[in-house]
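Student: Dropping the sequence and predicted coords here.
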Amino acid sequence: MSEVLSQNEIDNLLAALSSGELDVEEMADGPEKQVKNYDFARPAKFSKEHLRTLEIIFEHYGRLVSTNLPAYLRKNIQVEVMNSEAVTYSEFSNALSNPVMLGIVDFQPLKGNIIMELASNLVFAMVDRMLGGPGEPLEHERDFSEIELLIVERIMNVCVNLLREPWENVVEISPRLERIETNSQFAQIISPSEMIAIVTLNIKIGDVEGLMNICLPYLTLEDVMDKINTKYWFSANQNEEGYNNSEQIEMLIEKAPMPITAILGTSNISVGDFINLQVGDIIRINTKVEDELDVYVGNIKKFKALPGASGDDYAVRVTSIIREK
């Protein structure tokens, strides 16, 4: 409890303030406490931890896209996660221009849909590439034709199917492309005031560069929000995959071929003698018949062995193992 001042102490304090002997600012106990504003119209449903985990998921997704789409477009593709942010759906939809390429994706078993928006220059570059062209965008944007939409739908289906693997540690999903919209007004999947997370990918197809925005509504991810954090992510990787991966790696290593060479001996001869070698000539080497041979695994001397035969084949019998300190 604060100390109570007497009347004389109060009078002396007021007099000192009036005369300028004391400064109110100097009497402050410490820095003012920072107050964080809370916007009830835009509640913070996505934390920085959630957004960072979504970036990790879509970094994995970007690697899958960059390795799978070249099989269809026959051109080098680079994908990079640019950033992630939490906004309202109205902010996302108002920023869209028409025509726009929007893929409405059913995110089963999670409720609701997500949206994948692809930049128009990337869409026209893909169409041009699928039809045998060099993969260049149009100089002036226009509406998409029916044939172009059918071609893009095939590419979008590939991109949607690639979502399964990156989300395995969170939830096993069965994404399905419901439809493609070219007008943002027909893509009102949730209320304009609802919060969404947007993950932005930068995609480069040859010399054409554009953005892909993935819109993830909070209502869709609500059931798995506890799993969208890096702590759960890495613990799941260690618990579920650590043991199985070590066994699988060990099994693959056991089947890997290894070059093994037994050196009978070495000798130095002149270039002239080497050029004139004939069948039946004898080369004197620096080892004797009873000497042990050096056996190399790759470029590493690993064993000592004695020469011999196994059936009709030459062989060596290992006598000792060379262990490096």
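Tutor: Perfect, thanks for sending it.

Student: Look at L216 and give its secondary structure.
Tutor: Assigned with DSSP: H, G, I helix; E, B strand; the rest coil, L216 falls in the strand class.

Student: Now do the same contact list for it.
Tutor: By CB atoms under 8 Å, 6 or more residues apart in numbering, the residues touching L216 are 54, 114, 196-199. In short, each C-beta sits where N, CA and C put it, glycine included.

Student: Could you give the bridge partners of it?
Tutor: Under DSSP bridges, the beta-bridge partners of L216 are A197.

Student: for this structure, which spans come out with low pLDDT?
Tutor: Along the chain, segments meeting pLDDT under 70 span 1-5, 20-44, 230-245, 324-325.

Student: Where does the record place the domain boundaries for it?
Tutor: 48-244, 260-321 (automatic domain parsing).

Student: And the residue nearest to the spatial centre of the chain, how far from A197?
Tutor: Centre of the chain computed as the mean C-alpha position; nearest residue by CA atoms, centre = their mean is E59, 2.5 Å away. Distance of E59 to A197, computed by CB to CB, to the nearest Å: 15 Å.

Student: quick one, helices of this protein?
Tutor: For the chain, applying DSSP state H gives helices covering 7-19, 48-68, 70-73, 89-94, 120-130, 146-161, 218-221, 230-236, 242-254, 271-275.

Student: follow-up on the earlier one: could you rank the contacts of L216 by neighbour count and give me the top one?
Tutor: Within the contacts of L216, neighbour counts (other CB atoms under 10 Å) peak at I196, which reaches 27 neighbours.

Student: okay but it is in contact with T88, surely?
Tutor: Yes - applying CB atoms under 8 Å, one finds I196 in contact with T88, separated by 7.1 Å.

Student: nearest to T67, of the contacts of L216?
Tutor: Distance to T67 across the contacts of L216 (CB to CB) is lowest for V199, with 19.0 Å.

Student: Now stretch 298-307: buried residues?
Tutor: Neighbour-count burial for stretch 298-307, with 16 or more other CB atoms under 10 Å as criterion, is recorded at 302-305, 307.

Student: Output the residues you listed in CSV; the columns should cover distance to N213.
Tutor: Listed next are the buried residues of stretch 298-307 as CSV, based on distance: CB to CB, whole Å:
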residue, distance to N213
K302, 55
F303, 59
K304, 64
A305, 64
P307, 69
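
Student: if we can go back for a sec, which strand residues bridge the residue lying closest to the residue nearest to the centre of the chain once chain neighbours are set aside?
Tutor: Nearest non-adjacent residue to E59, counting by CB to CB, 6 or more residues apart in numbering: V81, 5.1 Å away. Per DSSP bridges, the residues bridged to V81 are L201.

Student: Next up, the contacts around V81.
Tutor: Residues in contact with V81 (CB under 8 Å, 6+ apart) are 55, 58-59, 62, 199-202.

Student: what about G112, how many neighbours?
Tutor: Other residues near G112 come to 17 when the count uses other CB under 10 Å.

Student: let me redo that: P137
Tutor: Per other CB under 10 Å, the neighbour tally for P137 reads 20.

Student: wait, it sits on V127?
Tutor: No - checked against CB under 8 Å, the pair P137 and V127 is beyond contact range at 9.5 Å.

Student: Roughly how far does the nearest residue to L69 once chain neighbours are set aside sit from E222?
Tutor: The shortest distance from L69 to any non-neighbouring residue, by CB to CB, 6+ apart, is to I77 (5.1 Å). From I77 across to E222, the span is 33 Å (CB to CB).

Student: likewise L54?
Tutor: Computed as CB to CB, the L54 to E222 distance reads 14 Å.

Student: Show me what E181 is bridged to.
Tutor: Applying DSSP bridges to E181 yields these beta-bridge partners: L102.

Student: from what I can see it touches N98, true?
Tutor: No - with contact defined as CB under 8 Å, E181 does not count as touching N98 (10.1 Å).
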